[in-house]
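[1] when you get a sec, could you give me coordinates for this:
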Amino acid sequence: MNAIEPIADAVTGGLAARTVEPATGVDGSGHTTERACLNCGTALVGDYCHACGQHAHVHRSLGAFGHDLLHGVFHFEGKIWRTLPMLAWRPGELTRRYIDGQRASFVSPIALFLFGVFLMFAVVSQLPSSAFVDTSQMQAGLEKGARESEARLRELEAERTTAVATGDQAAVQTIDRKIASQNEDLALTRDIAAKGAAGALAHASDDTPFSIASLNEAYAKAVKNPELLFFKLKSNGYKYSWALIPLSLPLMWLLFPFSRRWRLYDHTVFVTYSLCFMTLLVVAGSLYKLAGLPGVGLLMFVPPVHMYRQLRGAYSLSRLSALWRAAVMSVGSFSIVLLFGIALVLLGLFD
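    Have a look, this model is predicted:
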């Protein structure tokens, strides 16, 4: 799994670099009166070079550098304030207008996605790990498992006594095997709870890299150090968040199979803007939780409504058509996020 981390870093870095350094050049302002473009030497006509797109006037100052930073990373100059309200209330119209070519008016989906992911993990980092990894519940689960194993052992002992009394040797042998297996499970559960990885390894084989032993060791480490697991989840989540876009595209294709009207590009823009909204929703939920306000769970009803509105506006669907597709998309998206989360947990456990 570690072998694919450089690829993830390269992809994330490449996307970020493309966002920070757009192809049309960095906007600036100044008080000079150049007659030729300082970038390519073309004679200037108007405020921008018609050959390379660079602003006609530039100057060297910290104020200009700060302006370029804000514009390059966050696209502050009206775009963000036009894009965010539409993303929240009219996501379908935003998606359709961007697909149809209105690019200068809105923040591009990939730039907004990277900004949303960055902001989401910056805010989520302020939450304590106990909000995501509850060690008390883990310990309670282990103790409950041990009690259930002990109860099952008592039942098996009673069954064995009855089988011995009736002289059923085959039943005795079967019950003995069950008792041995149950004792082994009970010992393993107690060792994980009390001793961590050392106790688990004493009762498991280590034949393969993904054997029961390595799983027990990884789980024990997570129980003993949830802060480390939480840090790895955040780090891997940030690096691999872009993978949610290609993972979601097959679902969109299934909603419009063999469609000649809607192409893969349309679906990609739709998915990316949808993910932008979901990351910002997580930011809002995290801030809500940090403020200690009640009712944060109500936010779980927002994504299906947003999907419905975006589907209907972006693909010109009827209410019924958008409704059933939104229902399918909600279930499919939950499955994709769940699988993505499981993959992150496994990466964190075995890293």
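
[2] ok, Arg263 to Ile175 distance?
    64 Å (CB to CB, to the nearest Å). (Each C-beta comes from the backbone N, C-alpha and C, glycine too.)

[3] kindly apply the preceding question to Pro246 instead.
    Taking CB to CB, one finds Pro246 at 52 Å from Ile175.

[4] how about Gln54?
    83 Å.

[5] repeat for Val58
    Taken as CB to CB, the span from Val58 to Ile175 is 85 Å.

[6] ok, Glu34 next?
    From Glu34 to Ile175 the distance is 92 Å (CB to CB).

[7] who has more neighbours out of those two?
    Ile175 (21 against 12; other CB atoms under 10 Å).

[8] the more buried one is in contact with Ala163, isn't it?
    Yes. Judged on CB atoms under 8 Å, Ile175 makes contact with Ala163 at a distance of 6.1 Å.

[9] tell me the buried residues in the helix or strand hosting Gly285?
    Assigned by DSSP states H and E, Gly285 belongs to helix 264-290. Buried residues in helix 264-290, counted by 16 or more other CB atoms under 10 Å: 266-283, 285-286, 289.

[10] hmm, Val164 is touching Asp176, no?
    No. Taking contacts as CB under 8 Å, Val164 lies outside contact range of Asp176: 10.5 Å.

[11] partner residues bridging Ala36?
    Beta-bridge pairing for Ala36 (DSSP bridges): Ala43.

[12] residues near it, how many?
    For Ala36, the neighbour count with other CB under 10 Å is 12.

[13] so who does it touch?
    By CB atoms under 8 Å, 6 or more residues apart in numbering, Ala36 lies in contact with 42-44.

[14] can you say which of those residues are buried?
    Buried members of the contacts of Ala36, counted by 16+ other CB under 10 Å: Leu44.

[15] and Leu119, how many neighbours does it have?
    Leu119, neighbours per other CB under 10 Å, totals 16.

[16] how about Phe106?
    Neighbour tally, Phe106, other CB under 10 Å: 23.

[17] circling back to that earlier point, so after the helix holding Gly285, what's the next helix or strand?
    helix 302-315.

[18] other SSEs contacting that following helix?
    When contacts are defined as 3 or more CB pairs under 8 Å, 6 or more residues apart in numbering; DSSP states H and E, helix 302-315 packs onto helix 91-99, helix 264-290, helix 319-350.

[19] mind listing the helices for the stretch 151-300 of the chain?
    Per DSSP state H, counting those that start in this stretch, the stretch 151-300 of the chain carries helices over the ranges 169-195, 197-201, 212-224, 226-240, 244-255, 264-290.

[20] which stretch in those has the least confidence?
    Among these, helix 197-201 carries the lowest mean pLDDT, at a mean of 42.

[21] Gln102 should be in a strand, yeah?
    No. Counting by DSSP: H, G, I helix; E, B strand; the rest coil, Gln102 is not part of a strand but coil.

[22] next one: phi and psi at it?
    phi -80, psi 80 (degrees, to the nearest 10).

[23] in this protein, what secondary structure element scores lowest on mean pLDDT?
    Between all helices and strands in the chain, the lowest mean by mean pLDDT, DSSP states H and E belongs to helix 197-201, at a mean of 42.

[24] ok, back up a step: angle of the helix holding Gly285 against helix 244-255?
    With axes from the mean of the first three to the mean of the last three CA atoms, to 10 degrees defining the directions, helix 264-290 sits at 120 degrees from helix 244-255.

[25] tell me which other helices or strands helix 264-290 touches.
    helix 79-89, helix 91-99, helix 109-124, helix 244-255, helix 302-315.

[26] how about residues contacting the last one?
    Right, helix 302-315. Around helix 302-315, the neighbours that count as contacts under CB under 8 Å, 6+ apart are 90-93, 95-96, 99, 256, 262, 266, 270, 273-274, 277-278, 281, 317-319, 322-323, 325-327, 329-330, 333.

[27] counting neighbours, what do you get for Arg90?
    15.

[28] residue contacts, it?
    Neighbours of Arg90 in contact, by CB under 8 Å, 6+ apart: 309, 313.

[29] give me the phi and psi for it.
    Phi and psi for Arg90, reported as degrees, to the nearest 10, are phi -130, psi 60.

[30] brilliant, that's me finished.
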